[in-house]
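Novice: The following comprises the amino acid sequence and a computationally predicted model.
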Amino acid sequence: MIEALISHYNYWLIIILMMLGLYVVVSRGNLVKKIVGLNIFQTSVFLLYISLSKVSGGTAPILTGKPESFSNPLPHVLILTAIVVGISTTALGLALVVRIRESYGTIEEDDILIAERSQDVSERNGGSA
Amino acid sequence: MNLIVPHLPVLQVAIPLIAAPICVLFTFGGHRKLAWLFTLSISWICLLIAGALLSRVVLETDISYAIGSWPPPFGIEYRVDPINAFVLLIISGVSAIALPFARLSVEKEIESDRHVLFYTCYLLCLTGLLGVTITGDAFNIFVFLEISSLSTYVLIATGVRQDRRALTAAYNYLILGTIGATFFVIGIGLLYMVTGTLNIADLAERLKPLSDNRVVHAGFAFIIIGTCLKLALFPMHAWLPNAYTYAPSLVTVFLAATSTKVSVYVLLRFLFTVFGPTYDFVNLTFEFVLLPLAIVAMFAGSVTAIFQTNVKRLFAYSSVAQLGYMMLGVSLCNIPGLMATILHIFNHALMKGALFMALGCVVYRLGAISLGSMKGLGRRMPWTMGALTLAGLSLIGVPGTVGFISKWHLILGTLESGYWPIAILIVGSSLLAVIYIWNIVEVAYLEKETSREQTLKEVPMTMLAPLWVLVILNFYFGIDTDLTTRVARNVAATFLGGG
């Protein structure tokens, strides 16, 4: 039992990181912190892919001419794409946060909700009048 | 011609992808109108390609295209069969009809120095949606999903000129959309872990002996949750209403008609092609997850819609309900039910496209979209409000419209499964649609206009023509159902035949 836990320690770490990231996204009200959480969440998935590509006893996937076992290079390539996606998401998210701060004057979710609710109410009253 | 035809599958995606950076060049010299014309012609080229692909797969056989001549399953494969050819036709068709309407609407709603970049993002979004649909590689689906999502977040945020809430809507969608896409990619990773392949057809083969594997179960769950978040199934729909409400009119038309449908397609692909109803856990998902959620969505969406005063938000909530119908058809897992889902993907694109386009016309003249500001609009803008009412009838499901066709098959599906109480629930939820459509009709036709509305004029012909094309298609495909039902029956049979 203990051995099973220890031999799969990479997956345990990944799961902990994944849940940590997701929890930060859900629990924090600060828009920048949410994006930090999202990054941790995405990174855990990168690690999942990288660690599953490891072949025990395998070397780096470089052609040396000698017959030897090497790790699977495909997940590395896939994750390269996913990292690019992650960067663009972060960049776009932060750009949106800058614009939100410019028009609301805050990046706390609670304050933004209050501002939006009062906008909703004034719209409803203005509409029916 | 022989040079081009074998490469149509890749051109379908490559043309808008290459066109997007070319479109940026129109910034120099500020050729705004040229950028629009360029996007319009690219959309029409995509539509022609999609039409050619659909006619080929329906009349002849499925197309498999190996990117870079790497044979599948090692290289990335583009695979066209009737279902995705049909979805490709819907995406490019909606785009081709919506763009003529776009020019005036975009001019009104977006700052003029942003137009060129707006159309660039639009082309990228189109690329992403077409790519998700056509590809036969599971990881490729994720990549294209993110291309379309990232450009969608930008497109929604451009609504900021009308209302600053577009920014928070785009931000929330970014957070939830990324979580959804990441769940999807975790699922793909888990499946890759046990099968060592990413090709969808190969995946389906290799998963067959692994139906009791825990990793496969976990991967399946991650993929289903991820796609359901993207398609806004009921408890995961929180991003949708604000995103649709505050996005510019063109974006709402395009997203409402295509993006959630593409996610429904991805879900169908995984439920039926990769896994299939022969697996016990897939059947359990149908019965205990998708079926109840779909029914709750039908009612929660419609009831919330009744109480909305912002008409765009009203139809956004109605989209949540309509997605409930689509998922109900999936969860029934029989031929009429699946036919209903596939038909509704097409039919809902027609009716929501028309409805949001009509609202775009109202925004063009009125600048606002609350129920209170639409008093007496039926007399001032008869063509726009007429289209809105007719498309609304289609949404309710009046016989003679496309809405009736999909609900008819859905009810047949529930009866075939012996769920007759659900058939009654479908009728009940349609009656809720009558209430919210009537809310609009009452305000627009029966209330007296205020002095503000009396100065309003009908919108220009270039906006009305695409709107009425969609409305007429709503009735055409409601009466002549040959093409749509033939494709739907064909696809449903392949899905359930273990294909």
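Specialist: Perfect, thanks for sending it.

Novice: packing partners for the biggest helix by length in chain A?
Specialist: Ranked by number of residues, the top helix in chain A under DSSP state H is helix A:74-104. Helices and strands touching helix A:74-104, by 3 or more Cβ pairs under 8 Å, 6 or more residues apart in numbering or on different chains; DSSP states H and E, are helix A:31-52, helix A:109-128, helix B:138-157, helix B:165-195. Any C-beta I mention is one placed from the backbone N, CA and C, and that applies to glycine too.

Novice: Compute the inter-axis angle for the one helix or strand B:Val215 maps to and helix B:165-195.
Specialist: Following DSSP states H and E, one finds B:Val215 within helix B:214-231. Between the axes of helix B:214-231 and helix B:165-195, defined by axes from the mean of the first three to the mean of the last three Cα atoms, to 10 degrees, the angle is 160 degrees.

Novice: Can you confirm whether helix B:214-231 lies near chain A?
Specialist: No. Judged by Cβ under 8 Å from any Cβ of the partner chain, helix B:214-231 stays clear of chain A, getting no closer than 10.2 Å.

Novice: For chain A, which residues are neighbours of chain B?
Specialist: A:18, A:22, A:25, A:31, A:34-35, A:38, A:41-42, A:45, A:48-49, A:52, A:75, A:78, A:81-82, A:85, A:88-89, A:92-93, A:96-97, A:99-100, A:103-104, A:112, A:116, A:119, A:123-124, A:126-129.

Novice: Residues of chain B that sit close to chain A?
Specialist: B:139, B:142-143, B:146, B:150, B:153-154, B:157, B:160, B:164-165, B:167-168, B:170-171, B:174-175, B:178-179, B:181-182, B:185-186, B:189, B:192-193, B:309-310, B:368, B:370-373.

Novice: follow-up on the earlier one: of the helices and strands packed on helix A:74-104, which is nearest B:Gln12?
Specialist: With Cβ to Cβ, the closest approach to B:Gln12 among the helices and strands packed on helix A:74-104 belongs to helix B:138-157: 11.8 Å.

Novice: ok now that closest one, how far from the chain's centre?
Specialist: Mean-position distance between helix B:138-157 and its chain equals 14 Å (Cα atoms, centre = their mean, to the nearest Å).

Novice: That one - contacts with which helices or strands?
Specialist: Applying 3+ Cβ pairs under 8 Å, 6+ apart, we find helix B:138-157 packed against helix A:74-104, helix B:115-134, helix B:165-195, helix B:249-254, helix B:260-268.

Novice: in it, what's buried?
Specialist: Buried residues in helix B:138-157, counted by 16 or more other Cβ atoms under 10 Å in any protein chain shown: B:138-157.

Novice: in a helix, that's where B:Val471 is, yeah?
Specialist: Yes. Using DSSP: H, G, I helix; E, B strand; the rest coil, the assignment for B:Val471 is a helix.

Novice: B:Thr389 is in contact with that one, correct?
Specialist: No. Applying Cβ atoms under 8 Å, one finds B:Val471 not in contact with B:Thr389, separated by 9.6 Å.

Novice: the more surrounded of these two?
Specialist: Here B:Val471 and B:Thr389 are compared on neighbour count by other Cβ atoms under 10 Å in any protein chain shown; more neighbours surround B:Val471, at 27 against 19.

Novice: any chance you could map the helices in the stretch 1-150 of chain B?
Specialist: B:8-24, B:32-59, B:82-109, B:115-134, B:138-157 (DSSP state H, counting those that start in this stretch).

Novice: sorry, back to before: can you put the helices and strands packed on helix B:138-157 in JSON lines and add mean neighbour count, mean pLDDT and distance to B:Phe86?
Specialist: Output for those, formatted as JSON lines (neighbours: other Cβ atoms under 10 Å in any protein chain shown; pLDDT from 0 to 100; distance: least, Cβ to Cβ, whole Å):
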{"stretch": "helix A:74-104", "mean neighbour count": "17", "mean pLDDT": "94", "distance to B:Phe86": "28"}
{"stretch": "helix B:115-134", "mean neighbour count": "26", "mean pLDDT": "95", "distance to B:Phe86": "9"}
{"stretch": "helix B:165-195", "mean neighbour count": "24", "mean pLDDT": "94", "distance to B:Phe86": "22"}
{"stretch": "helix B:249-254", "mean neighbour count": "29", "mean pLDDT": "94", "distance to B:Phe86": "18"}
{"stretch": "helix B:260-268", "mean neighbour count": "25", "mean pLDDT": "94", "distance to B:Phe86": "9"}
